[in-house]
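*Asks:* fold the following and give me the result.
(chains A and B)
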Amino acid sequence: MSGERYNPRESEPKWQKTWDDAKSFVTANDDPRECYYVLEMFPYPSGRIHMGHVRNYSMGDVVARYHRARGKNVLHPMGWDAFGLPAENAAIERKTHPGSWTYQNIEAMKAQLKSMGLSIDWTREIATCSPDYYQHQQSMFIDMLEAGLVTRKSSKVNWDPVDMTVLANEQVIDGKGWRSGAPVEQRELTQWFFKISDFAEDLLEALDTLTEWPEKVRTMQRNWIGKSEGLRLLFEIEPSDKTDATSIEVFTTRPDTIFGASFVGLSPDHPLTTALAASNPALADFVVECHRHGTATETLEKAEKQGFDTGLRVKHPVIAGATLPVYVANFILMDYGTGAIFGCPAHDQRDLDLARKYGLSVKPVVLPPGADAASFEIGNEAYVDAGNIFNSDFLDGLSIEDAKKKIAEYFGARTVDGKSQGQVEVNYRLRDWGISRQRYWGCPIPVIHCEVCGTIPVPKKDLPVKLPEDVTFDKPGNALDHHPTWKRVHCHQCGSPARRETDTMDTFVDSSWYFARFTAPHADTPTVPAVANRWLPVDQYIGGVEHAILHLLYSRFFTRAMKATGHVDLSEPFKGLFTQGMVTHETYKSAAGEWVNPTEILIEATGDTRTAKHLKTGAPISIGSVEKMSKSKKNVVDPDEIVATYGADTARWFMLSDSPPERDVQWTEAGVEGASRFQQRVWRLVNEAIELRDRTAEATASDEKEALGLRRIIHRSVHGVGQDIEGLRFNRAVAQIYELTNALTKALQGQTGTATRAAILEGAEKLTVLLSPMMPHLAESCWEVLGKAGLVADARWPEVDGAMLVDDTVTLPVQVNGKRRAEITVAKGTPAPEVEALVLSLDEIVRILEGKAPKKVVVVPDRIVNVVV
RNA sequence: GCGGGCGUGGUGAAACUGGUAGACACAAGGGACUUAAAAUCCCUCGGCUAACGCUGUACGGGUUCGAUUCCCGUCGCCCGCACCA
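*Replies:* Numbering: from 1, shown residues only, chains lettered A, B, ... in the order given. Sure, this is the predicted structure:
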């Protein structure tokens, strides 16, 4: 037995079947033990898993198996984020149905995930494209519609001309569609929206309660919500024949600078601009010009500030008799605040750029600390920092904060057009979540448009509104809309002809509640609240940081909306969040500059230099930088091949070793081989250890002491590995397991006594359990060899003997002036004066002191000694 | 520009609340076993030095008996947001 190498190809499928047959990972909702819910972000069924999945699911599986070993009732499900555009694209390319393509991919990926030996409860598997799932989403949509959490409104939307669909603001990155990469256009469409902005304040404030989330993600969400407090302020328009409007409302966060105002600015999309442009062709041209730049130019920041003088003037609200010009300016956004501002060039860079260009006045009203009020001037840079107000009549001398308060009170007490002139207001950058998508492969929005009754929800008894099967994709655009009959219905209320809504929901809706559905995946209601409330929030959620805003913010909103409609009784879906790093690999290029896959090349190393050549042609290949694995750079490694060659345990182990999980990890051939070697080492160790049982032992004097030392290491490892797994420091857990293995291997070589042999056997057994969350198949094989009953998958995490963690002696480093010169071993807790005396009698210290008395001796008991001379 | 993070050997990295810098692994070099290879085992491995030693955690200062860790400044890299009034 011991001579045989461990063969993962035989053993891994065997144990996977054993777990399946024993239903080892099926979780019962009525299990009374403490619950623990661990979830990895579910995958899009692209057809193949990649190394990023291997890393993600390995981490989740370690957490799941560890907590199961700690005696908890663990929920660890898996499903498929199965709606979305790639299926439609595949349908066009291959003339198949998006559904059949998707389900084939699911089968293929499921087989791959199963080969990884994950402790997943597959009885809870869900696919969001199944009516079993999306009917509940439709049902909740209706609940939310009735609760006033959904609206339909006409708005300017981001239109992706390649995917021919609408995108949410969050899905536009650098002016391009997040998926297609095409420059996004602006269009006016009637859309369905979730009223996420109603929850802006709550979503912002609750971030503080998410203490187990990375600070980075919380910051990103905070910025995205973008809260700003300011003042809505009315400017009176001087009577003019150009307009009937009597006032302009602006939003400002700097009302303290009102005395420095030199113009009022309007967005090119402001209603007043539109009205003025109707009778002013030059202004109309200017607006068109702004739009051209607004969408086509990516580098908005570099675009020059431009303005157009409308000829209107407004009364200066605090300087009697003064008036200000009204400009339309290209940098003012319609969808923030009121779409109008007042410009204070001295203290805002954009305003300053505009003022310099058109010769408007620049009057400083905030004096930097230490500056001289008489001589202070603004050059080409606006002053935006702290200071005291000056040049501002009744605000003079106040701090910015105090001036803001005072001026708000001042305007609050005055009226323009019968309204309060100034109102304190909080603004958010977060917009409502537009969910209409003009696509077939998504969850149908369950409403109809009746000629008589208007837009009304489909009755719940008629759900699901199923997607038609017989669709064609020969025309661009929405196949659902093109379907000859699907959308034609009769109103369930009045019987009049009606039209089904042909928009489907953004796929981010699907992923906003799947974690709740997993708690009762077969229920005939969206959730079973009592069950969901018991499992949720997810204790540990693990996934990529690329979802820091979109998915995580939507899920937080949706959970609140589900709470408002009685489907769950909590607000925050994810208690602990962990964002893992990417998997990277070296890149390779041929002389012709084409990317080459790692499997096609041969690397030769001589000393420290590595060269590569093509496996077949022998042509030289240049080794490039380390990049995220991607198809385009061909630096991908296929998990299937790795599992076939080395086994799943090796792949899992390597993905957990070396790099901290939140950082990127580099996939290397040498690294995998190291992991594979370790697998064999453990196998050999366990097999050799077991032979000790059959041999007679000799008694030696040092035996007891050696055994105790070994047992200390064993217990420290059990303790440390557990701590590291709980803290998700998998790389350190791995390092500790290496140390334990090294110690046991060494002990095995020299052992002679009974006690040491017993300790080695104890170590082999505990090592097996420590290993089981990471290399579960190997651990089962070792468990079997050790002759233990049952499965290690069901074994309890070893108890730590607290006495083994504390040593009764301690070795203190002895420093002289902060440099280590000697060490001294004393009983733990030896008082400082005693230690000092011992240290001063050390040969090394006596030699260095040369008879002189030390200036000072610092003794930190059980830690360190520092002699200062 | 704003916000956040990071900078430690040839490489990935450890170092708990300020207390022996480089655990653990990879790579490299040397040796043992072998007809040979693979596998395995042993040794070396931050820099300078023959050695005693000296020096070293991006760089420059500071606090401290003692700093990878705390503070100030500089440089570099990464990520997010970006005309948000």
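*Asks:* can you pull the poorly scored residue ranges out of the stretch 301-450 of chain A?
*Replies:* A:301-303 (pLDDT under 70).
*Asks:* could you do chain A as well?
*Replies:* Ranges of chain A meeting pLDDT under 70: A:1-3, A:169-170, A:174, A:292-303, A:606-609, A:696-699.
*Asks:* please parse it into its domains.
*Replies:* A:227-428, A:583-646, A:673-804, A:809-868 (the TED database).
*Asks:* now those as CSV including distance to residue A:5?
*Replies:* Every C-beta, even on glycine, is put in place using the N, C-alpha and C of the backbone. Shown next, in CSV, are those (distance: least, C-beta to C-beta, whole Å):
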stretch, distance to residue A:5
domain A:227-428, 57
domain A:583-646, 12
domain A:673-804, 6
domain A:809-868, 40
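*Asks:* for residue A:116, find the nearest of these.
*Replies:* Closest approach to residue A:116 among the domains of chain A (C-beta to C-beta): domain A:583-646, 7.1 Å.
*Asks:* what's the span of that closest one, first residue to last?
*Replies:* End-to-end span of domain A:583-646 (C-alpha to C-alpha, to the nearest Å): 18 Å.
*Asks:* which residues in the stretch 301-450 of chain A form helices?
*Replies:* Using DSSP state H, counting those that start in this stretch, the helices of the stretch 301-450 of chain A run over A:349-358, A:400-412.
*Asks:* need the winner for burial among these.
*Replies:* helix A:349-358 (a mean of 19; mean count of other C-beta atoms under 10 Å).
*Asks:* got the domains of chain A as a markdown table, with distance to RNA strand B columns?
*Replies:* Formatted as a markdown table, the domains of chain A follow (distance: least, C-beta to the nearest atom of the strand, whole Å):
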| stretch | distance to RNA strand B |
| --- | --- |
| domain A:227-428 | 3 |
| domain A:583-646 | 4 |
| domain A:673-804 | 3 |
| domain A:809-868 | 3 |
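*Asks:* okay, the helices of the stretch 301-450 of chain A in JSON lines with distance to residue A:134 next?
*Replies:* Formatted as JSON lines, the helices of the stretch 301-450 of chain A follow (distance: least, C-beta to C-beta, whole Å):
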{"stretch": "helix A:349-358", "distance to residue A:134": "46"}
{"stretch": "helix A:400-412", "distance to residue A:134": "49"}
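*Asks:* residues in contact with stretch A:744-764?
*Replies:* For stretch A:744-764, contacts defined as C-beta atoms under 8 Å, 6 or more residues apart in numbering pick out A:681, A:685-686, A:688-690, A:692-693, A:697-700, A:702-704, A:706-707, A:710-711, A:713-714, A:740, A:743, A:767, A:782, A:786.
*Asks:* can I have the buried ones of those residues as a ChimeraX selection?
*Replies:* Remark: buried members of those, expressed as a ChimeraX selection using 16 or more other C-beta atoms under 10 Å:
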select /A:685,686,688,689,690,692,703,706,707,710,711,713,714,740,743,767,782,786
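*Asks:* among the domains of chain A, which is nearest residue A:571?
*Replies:* Using C-beta to C-beta, these put domain A:227-428 closest to residue A:571, at 18.0 Å.
*Asks:* now, the contacts of stretch A:744-764 that are in helices?
*Replies:* Per DSSP state H, helices hold the following members of the contacts of stretch A:744-764: A:681, A:685-686, A:688-690, A:703-704, A:706-707, A:710-711, A:713-714, A:740, A:743, A:767, A:782.
*Asks:* what's across from the closest residue in space to residue A:499 that isn't next to it in sequence in the sheet?
*Replies:* Once flanking residues are discounted, residue A:499 sits nearest to residue A:449: 4.7 Å by C-beta to C-beta, 6 or more residues apart in numbering. Legend: beta-bridge partners of residue A:449 under DSSP bridges are residue A:455, residue A:499.
*Asks:* hang on, residue A:449 packs against residue A:458?
*Replies:* No - Residue A:449 is beyond contact range of residue A:458, at 11.4 Å (criterion: C-beta atoms under 8 Å).
*Asks:* quick one: the one helix or strand residue A:758 maps to to chain centroid distance?
*Replies:* In this structure, residue A:758 sits in helix A:754-771 according to DSSP states H and E. With C-alpha atoms, centre = their mean, to the nearest Å as the basis, helix A:754-771 stands 40 Å off its chain's centre.
*Asks:* now do stretch A:446-456
*Replies:* Centroid separation for stretch A:446-456 versus its chain: 39 Å, with C-alpha atoms, centre = their mean.
*Asks:* list the buried residues of it.
*Replies:* Across stretch A:446-456, burial judged by 16+ other C-beta under 10 Å covers A:446-450, A:456.
*Asks:* follow-up on the earlier one: kindly export the helix holding residue A:758 (C-alpha atoms) in PDB.
*Replies:* Below are the C-alpha coordinates for helix A:754-771, written out as PDB (Å, rounded to 0.1, in the frame of the first residue of the first chain):
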ATOM      1  CA  THR A 754       5.800   4.400  22.000                       C
ATOM      2  CA  ALA A 755       4.700   7.900  22.900                       C
ATOM      3  CA  THR A 756       6.100   9.500  19.800                       C
ATOM      4  CA  ARG A 757       4.500   6.900  17.600                       C
ATOM      5  CA  ALA A 758       1.200   7.500  19.200                       C
ATOM      6  CA  ALA A 759       1.700  11.300  18.700                       C
ATOM      7  CA  ILE A 760       2.600  10.700  15.000                       C
ATOM      8  CA  LEU A 761      -0.600   8.700  14.600                       C
ATOM      9  CA  GLU A 762      -2.600  11.400  16.300                       C
ATOM     10  CA  GLY A 763      -1.000  13.900  14.000                       C
ATOM     11  CA  ALA A 764      -1.700  12.000  10.800                       C
ATOM     12  CA  GLU A 765      -5.300  11.700  11.900                       C
ATOM     13  CA  LYS A 766      -5.700  15.400  12.700                       C
ATOM     14  CA  LEU A 767      -3.800  16.400   9.600                       C
ATOM     15  CA  THR A 768      -6.300  14.500   7.600                       C
ATOM     16  CA  VAL A 769      -9.200  16.500   9.100                       C
ATOM     17  CA  LEU A 770      -7.400  19.800   8.700                       C
ATOM     18  CA  LEU A 771      -6.800  18.900   5.000                       C
END
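*Asks:* burial check on residue A:723, number of neighbours?
*Replies:* Neighbour count for residue A:723, taken as other C-beta atoms under 10 Å: 13.
*Asks:* any idea how far apart the tips of stretch A:247-260 sit?
*Replies:* Criterion C-alpha to C-alpha; first-to-last residue distance in stretch A:247-260 is 20 Å.
*Asks:* residue A:312 is in contact with residue A:241, isn't it?
*Replies:* No - contact criterion C-beta under 8 Å: residue A:312 and residue A:241 do not qualify, at 10.4 Å.
*Asks:* the two: which has the busier surroundings?
*Replies:* When neighbours are counted by other C-beta under 10 Å, residue A:312 and residue A:241 differ, and residue A:312 comes out ahead with 21 against 7.
*Asks:* what's near enough to touch that one?
*Replies:* Going by C-beta under 8 Å, 6+ apart, residue A:312 touches A:237-238, A:240, A:242-243, A:276, A:325-326.
*Asks:* what subset of those is buried?
*Replies:* Those of these that meet the buried threshold are A:237, A:243, A:276, A:325-326, by 16+ other C-beta under 10 Å.
*Asks:* now do the same end-to-end measure for stretch A:744-763.
*Replies:* 7 Å.
*Asks:* kindly report the residues of the stretch 401-550 of chain A close to RNA strand B.
*Replies:* Along the stretch 401-550 of chain A, the residues adjacent to RNA strand B under the rule C-beta under 7 Å from any atom of the strand are A:427, A:429, A:545, A:549.
*Asks:* how much space is there between the residue nearest to the second one when sequence neighbours are not counted and RNA strand B?
*Replies:* By the measure of C-beta to C-beta, 6+ apart, the closest residue to residue A:429 outside its immediate chain neighbours is residue A:226, 2.8 Å from it. Per C-beta to the nearest atom of the strand, to the nearest Å, residue A:226 is found 5 Å from RNA strand B.
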